[in-house]
Each structure stands twice: as C-alpha cells, then as structure tokens.
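*Asks:* Fold the following for me, if possible:
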Amino acid sequence: MNVDWTEVVAIATLVSGIALFGSILLVLVQLRNQGQEEFVSGTAVTFKVWSEDDFQRAQQWVLYDLSEQTWRDFVAANRGKYGERALFRVGGFYNRVGYLVTRRMLGGHDDLLLDTLAGPAIAVWRKIEPLVLEARLVENSTLFQDFQRMLPECYACYVPSQPVPAPADASSAADELRPRG
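*Replies:* Residues are numbered from 1 along each chain as shown. Have a look, this model is predicted:
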C-alpha cells in the first residue's frame, strides 16, 4: 500500500489548525470569564463594607451631623473622636472605590458598581469637599484624590443630565489658614 505523504501532511496541518483555533477560542472565553470573576471578587468585599451598619452610621454622620465648614474647625471639634474616624472611614472607602474605577480594575463593569455607589458618593463629596481641599493644604496633599477623580464617572452614571461641578476654589481654603491680624 502506497501512502501519499502529502495527503497525510495536509490532514495533519488541518487538524493542527483546528486545534490551534479551538485553543485560542478557549483562552478568549477563559479571559472573558476571568474579567467577570475579578469584578465579582473585587466588589464583594466592597459591597460588604458598604452595607455594614458601622459604615452606614459613619456615612450618615458625615452627611447629617458634620457641621464644620473648615478643616481647622473640623480638627478642633473632632480630632481623636468619632467624627474624625467617620470622615476617614467614609472618605477612605470612596477613595478606594475611586482607585478601582479610575484605573479600570473592574473589568469594564465600573457602571455596575457606580449604579449603587454614585449617589451617596456625590452627596458625601459635596459635604466634605471644602474640608478635604483645606486639609490638602495643611496635612495631606493627596487626601481622597482618587475619590475626587471618580466623581465625573459618578455624575455620568447618576445624574448624566447635569454637568460635573467645578472643584471648589482651593485658594479660599488657603485664605482661611492665613493668620488674622
């Protein structure tokens, strides 16, 4: 029996091509699923923290009980007390979410997270913005920067018909810090 080796090579090449194509498809499916798994695992802890009573209590304190308008007054009234912990807990949480969102670490599913968090994040930022801007001049020049960077996406998700407000003027915070005399 004579074997036609060109036919054998052609069949082997075809089988190899099909196997390669199948492998590529499998890798693409796995990568897609990995992105979904990363989103679920990356946000599971986030939602757990956000829904905890302690976090919600701290967020409510920031939204409804925080009355100081300047960093200086905030520090005088809250340093070492619950108010300071609440501000840093809530701001730190949204800063971490901002880090994930602005660096696209949620596999393109940022909008799913922001559907839940954008509204409260906007409300918290409106309340703490003057304090944060002044604190950046005095104590921590990068305080909650990722939180602030995330806000345009929060507005796009939560109130797309409204433009993102311009940041408060940091020079007014600096004026507050100048010695009076």
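
*Asks:* C-alpha from now on. contacts and neighbour counts both.
*Replies:* Fine.

*Asks:* can you tell me the helix or strand for Gln60?
*Replies:* Using DSSP states H and E, Gln60 sits within helix 53-60.

*Asks:* pLDDT averaged over the longest helix anywhere in the chain, what's the number?
*Replies:* Counting by DSSP state H, the longest helix found in the chain is helix 5-51. Mean per-residue pLDDT for helix 5-51: 78.

*Asks:* What of stretch 116-123?
*Replies:* 94.

*Asks:* what residues does it touch?
*Replies:* 63, 94, 151, 154-155, 157-158 (CA atoms under 8 Å, 6 or more residues apart in numbering).

*Asks:* Just the CA coordinates for that stretch, please, in CSV.
*Replies:* The C-alpha trace of stretch 116-123 is given here as CSV (Å, rounded to 0.1, in the frame of the first residue of the first chain):
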residue,chain,number,x,y,z
THR,A,116,-25.2,51.7,43.7
LEU,A,117,-22.5,54.0,45.0
ALA,A,118,-22.6,57.1,42.8
GLY,A,119,-25.4,58.9,44.5
PRO,A,120,-24.0,58.5,48.1
ALA,A,121,-20.5,59.3,46.8
ILE,A,122,-21.7,62.6,45.2
ALA,A,123,-23.5,63.5,48.4
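
*Asks:* picking up where we left off before, could you check how far the longest helix of the chain is from the centre of its chain?
*Replies:* Centroid separation between helix 5-51 and its chain, computed with CA atoms, centre = their mean, to the nearest Å, is 28 Å.

*Asks:* and what of stretch 145-161?
*Replies:* Computed by CA atoms, centre = their mean, the chain-centroid distance of stretch 145-161 equals 10 Å.

*Asks:* can you tell me how far Arg149 sits from Ala121?
*Replies:* Distance, Arg149 to Ala121, by CA to CA, to the nearest Å: 12 Å.
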